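Novice: just need the structure, nothing else, for what follows:
(one chain, ligands or ions: 1)
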Amino acid sequence: MCGIVGYVGDEQAAPILLDGLRRLEYRGYDSAGIVVSLEGKLWLTKSRGYVNNLAGIIDGGAKMPGTVGLGHTRWATHGRPTDENAHPHISDGGKIAVVHNGIIENYAKLREFLISKGYHFQSETDTEVAVNLIAYFYAENGDLKLAVAQAARRMEGSYALGILCEDFPDTLIATKKESPLVLGVGGTARYLASDVAAILSYTRDVYNLRDDEVAVITRGGIEFFSGELDPIEKTPQHIDWDVSAAEKGGYEHFMIKEIMEQPEAVRRALKSRVRDGEIYLDGLDIPADFIKSVSKVYIVACGTADFAGVVMKYNLERLARVAAEVMFASEFRYNLPPIDETTLVICISQSGTTADTIAAMREAKKHGARVLSVVNVVGSVIAEESDWSLLTLAGPEICVASTKAYSTQLAVGYLLTLFIAKARGAIDDGKYRAALDALESLPGAIDETLKLREKAQYLASRYFSANDIYFIGRGLDYALSLEGDQKLKEISYIHSEAYAAGELKHGPIALIDSAVNTPVVAIATNARLIDKMASSAVEVKTRGARVLAVVTSATQDAMRDIADDMIVVPDYAEAFLPSLAIIPLQMFAYYIALQRGCEIDKPRNLAKSVTVE
Ligand code: G6P
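Specialist: Down below sits the predicted model:
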C-alpha cells in the first residue's frame, strides 16, 4: 500500500524524507509528495510518477528548506494516480497537511457533511476528507490534538495519518487504525513511518503505535495519548532486521508475507461492500435490466487471474444460474465467440495492463459486449476502458507469483456472483443473507487457515524431491487444482499438471508411475462431491500414486484411508471454500520452492506484468 515517512529534527527534512520514500519504493506506488513547514507556512510538492521525479522537481530536497516534514508514496485506491490525488493533502484554507495510508470507508458521507459546512475539495481522494474533518474540528475547538482524535472517531475503515499544521510548525501528530505506523528515535531527531524500512538507516529504536493512539512528535520528544487523550507510556523496541528483512516485514520472502496478508486483503475487498445485509458495488451503475438480460458471461484473463475466473464461473452458474465460460485472453482475442449486447465480459487482471487482456477487452467492446473489469490497479488501462470496474484492493503485490491478488479476485468474484444472483432473482432471501453472513466471517476463517503453515512446511519436506506432481479436483476443487498447480510450477520448477478428477481415466492416469509413487494432490473439500472424489483418489492410489489430500473437517473421513497425507482446512460454505483451500496449496508450493533453493519472489522467465503479447 502507500508509504508514509515523517521527520522532526535539526537537519533539513526534505532530503531525509526523499531517502525514506526511496526505501518505501518496494511497496509499489504511482505518485509521491512532500510537505515541510517553514516560517509558519506549509510548502508542498507532489507529482505523479516515481520519487526520482519528485526529487528532480525539488533538486534533491534543496529547494525545500525546513526541518519538519512529511512524505508519502501513493498507491491509488480512491481516485486515479494524478498530481491532484497525490499526497500530502491540504485542508481547505491551507492550514493543515495530511498523509494517509488506508481506506476511509465512510468518506462519501463525511464529504457530504463537510461540503454542507462550506468545505471545498480539490481531489477525488478519501484523504482530503480526513484532512478537512480535522480542520473542521480544529476550527471549532482550537485544539489540534483533540481535533485529530475527534476526526478519528468519525472515520470508519483503516488509516495511518501523519499531520502537520501551520500553527504548530515544529510538531507532527500521528494516529492510526488497522494500518501500521511506527515512530523512531535517533538523538534529537524523531521519525514517523508506515514501516521500519523507511527509517532503518537513521534509527533502530521504534515505538509501534496502536489503534486509536495519538502521538505528538517534536524535536527530542514524543508524547503518547490514548484514544480518549489520556497520557500513556510506551517502551521502544530495538529492531535487528536488515533493510531487506524490514521490507518484507521480517519474512524471508515477499511471497510468504503476501500469503500472510490475505485475511487483511480479503477484509478490505469485502468490508466496505457488504453492509446492512446488502452488497454495494462502489456505486457502479450496472442497469438491473441489463443484468437480467445477460445470456452469457465470458470471463477473460491470463494466468492466475484466469484461474480465479474459473472459481467465479462455477459460482455464477450454480448460484446465479447464468451460463459462464472462462477463456484465456490470448485465445479470446483471436477466436471471438458469438457476442452481442446480452453478453457480459468480465476481465480479471491484477495489473490492469496485461496486453492480451487489454486486447480481448477491446475486441469484446468492439463487438457490442459490455465489459466489467476486476482490477487491482486504479487508473490502469483495463480499469479505465471497461464499462464498469471493481477494485480488488489487494494492495501492491511484489512477488511475481500471485497470492493475495488471487484471494481478493476470489472475494470480488463472490460479491459479483451474489449481486448478479440477486438481480436475476436466482437466489432466495434466506440463502442470500446466509451467504453474506458467511462472507463477513471469511477473513477470520482465512486467518485460522493460515495456522496450517507448519503442516504445509512439513508436507513440503516430504514431497520436494518429486519430479512430477499432479493436482486433481472436481468443481470448485478443480478450479483450485489449476491454481495449486500454477503456484507449484511457477516457483519450484517441478513439472506439474492439473486435471479434472473425472478425466483421469481418459488419459492422465497413464502418467501415474508406481516405480516412483507419483505424487497426486487430491483436493477434496467439496462435501457434495466427496464420494466421487474419493473414488478418483482410489483410482490413482491403486496404480501406485502417493496421495496428498486437501480436505475439510467435514470431508476428511472419506479420504482418511486413501490418503498418504492429509491437510485439513476448516469447513465452510461451499461457494467460498476456495478462499480457505488455496492457503495450504500456496504454502505447499512456497515451502517446496524454499527447500529446492529456488529464487522465490522472482522466478525464472516470468514477469509480474506482461505488457507485450
Ligand atoms: C503474469 C504474472 C501472473 C499473472 C498474469 C496475469 O503472467 O506472472 O502472476 O497472473 O500475468 O496478470 P494480470 O496482471 O493481468 O492479473
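Novice: wait, what's in contact with whichever residue of the stretch 101-250 of the chain sits closest to the ligand?
Specialist: Closest residue of the stretch 101-250 of the chain to the ligand, CB to the nearest ligand atom: Lys248 (18.6 Å). For glycine as for every other residue, the C-beta is placed from the backbone atoms N, C-alpha and C. Neighbouring residues of Lys248 by CB atoms under 8 Å, 6 or more residues apart in numbering: 254, 257.
Novice: recalculate using a threshold of 10 Å.
Specialist: 26, 195, 197, 241, 254-258, 398-399, 601 (CB atoms under 10 Å, 6 or more residues apart in numbering).
Novice: between those, which sits nearest the ligand?
Specialist: Cys399 (8.8 Å).
Novice: what's downstream of the helix or strand of the chain with the lowest mean pLDDT, the next helix or strand?
Specialist: For the chain, scoring each helix and strand by mean pLDDT, DSSP states H and E identifies helix 243-247 as the least confident one, at a mean of 78. The helix or strand immediately downstream of helix 243-247 is helix 254-260, counting by DSSP states H and E.
Novice: selecting buried members of the contacts of Lys248 in ChimeraX, what would you type?
Specialist: Only the buried entries of the contacts of Lys248 go into this ChimeraX selection, using 16 or more other CB atoms under 10 Å:
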select :26,195,197,254,255,256,257,258,398,399,601
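Novice: out of the contacts of Lys248, which two sit at the greatest distance?
Specialist: With distances taken as CB to CB, the most widely separated pair in the contacts of Lys248 is Trp241 and Cys399, at 18.5 Å.
Novice: so for stretch 323-335, what's the average pLDDT?
Specialist: When pLDDT is averaged along stretch 323-335, the result is 97.
Novice: could you tell me which residues of the stretch 51-200 of the chain lie near the ligand?
Specialist: Residues of the stretch 51-200 of the chain lying close to the ligand (CB under 6 Å from any ligand atom): none.
Novice: residue in the stretch 51-200 of the chain nearest to the ligand?
Specialist: The ligand sits closest to Trp75 of the stretch 51-200 of the chain, with a gap of 14.8 Å, by CB to the nearest ligand atom.
Novice: that residue: neighbouring residues, count only.
Specialist: By other CB atoms under 10 Å, 19 other residues sit near Trp75.
Novice: cool, Asp170 as well?
Specialist: Around Asp170 there are 12 residues (other CB under 10 Å).
Novice: quick check, it in a strand?
Specialist: No. Asp170 sits outside any strand when classified using DSSP: H, G, I helix; E, B strand; the rest coil, being coil.
Novice: what's it in contact with, if anything?
Specialist: 8, 37, 67-68, 164, 217-219.
Novice: how about Arg453?
Specialist: Residues near Arg453 by CB under 10 Å, 6+ apart: 256, 259-260, 583-584, 587, 590-591.
Novice: returning to what we had before: residues making contact with the least confident helix or strand of the chain?
Specialist: 23-27, 195-201, 204, 239-241, 251-252, 254, 257, 398.
Novice: out of these, list just those in helices.
Specialist: 23, 254, 257 (DSSP state H).
Novice: quick one: the second one from Asp601, how far?
Specialist: Yep, that's Phe254 we're talking about. Distance of Phe254 to Asp601, computed by CB to CB, to the nearest Å: 5 Å.
Novice: could you do the last one as well?
Specialist: The span separating Lys257 from Asp601 equals 10 Å under the rule CB to CB.
Novice: nearest residue to the residue in the stretch 401-550 of the chain that the ligand sits nearest to other than its sequence neighbours?
Specialist: The ligand sits closest to Ser402 of the stretch 401-550 of the chain, with a gap of 4.1 Å, by CB to the nearest ligand atom. Counting by CB to CB, 6 or more residues apart in numbering, Thr304 is the residue found nearest to Ser402 once chain neighbours are left out, at 4.2 Å.
Novice: sec struct for the one you found, please.
Specialist: Following three-state DSSP, we place Thr304 in the helix state.
Novice: what ranges do the strands span in the stretch 201-350 of the chain?
Specialist: In the stretch 201-350 of the chain, the segments counted as strands under DSSP state E, counting those that start in this stretch are 205-208, 214-218, 221-225, 231-232, 237-238, 274-275, 278-279, 296-301, 324-328, 343-349.
Novice: again, but for the stretch 501-613 of the chain
Specialist: For the stretch 501-613 of the chain, applying DSSP E, counting those that start in this stretch gives strands covering 519-524, 546-552, 565-569.
Novice: of the ones you listed, which is nearest Arg596?
Specialist: strand 519-524 (14.3 Å).
Novice: kindly calculate the angle that that closest one makes with strand 565-569.
Specialist: Strand 519-524 runs at 30 degrees relative to strand 565-569, counting by axes from the mean of the first three to the mean of the last three CA atoms, to 10 degrees.
Novice: ok, strand 519-524: who's next to it in the sheet?
Specialist: strand 468-473 (parallel), strand 546-552 (parallel) (DSSP bridges).
Novice: Serialize those strands to a markdown table and add fields for distance to the ligand and mean neighbour count.
Specialist: Formatted as a markdown table, the strands paired with strand 519-524 follow (distance: least, CB to the nearest ligand atom, whole Å; neighbours: other CB atoms under 10 Å):
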| stretch | distance to the ligand | mean neighbour count |
| --- | --- | --- |
| strand 468-473 | 17 | 25 |
| strand 546-552 | 21 | 24 |
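Novice: same list (those strands) but as a markdown table, adding mean pLDDT.
Specialist: Output for those, formatted as a markdown table (pLDDT from 0 to 100):
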| stretch | mean pLDDT |
| --- | --- |
| strand 468-473 | 98 |
| strand 546-552 | 98 |
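Novice: give the closest residue to Met361 in space, chain neighbours not counted.
Specialist: Nearest residue to Met361, sequence neighbours excluded (CB to CB, 6+ apart): Cys347, at 4.9 Å.
Novice: returning to that earlier point: return the most buried member of the strands of the stretch 201-350 of the chain.
Specialist: strand 343-349 (a mean of 28; mean count of other CB atoms under 10 Å).
Novice: and the helix or strand just after that strand, average pLDDT?
Specialist: Note on strand 343-349: by DSSP H and E, the next helix or strand toward the C-terminus is helix 355-366. Mean per-residue pLDDT for helix 355-366: 96.
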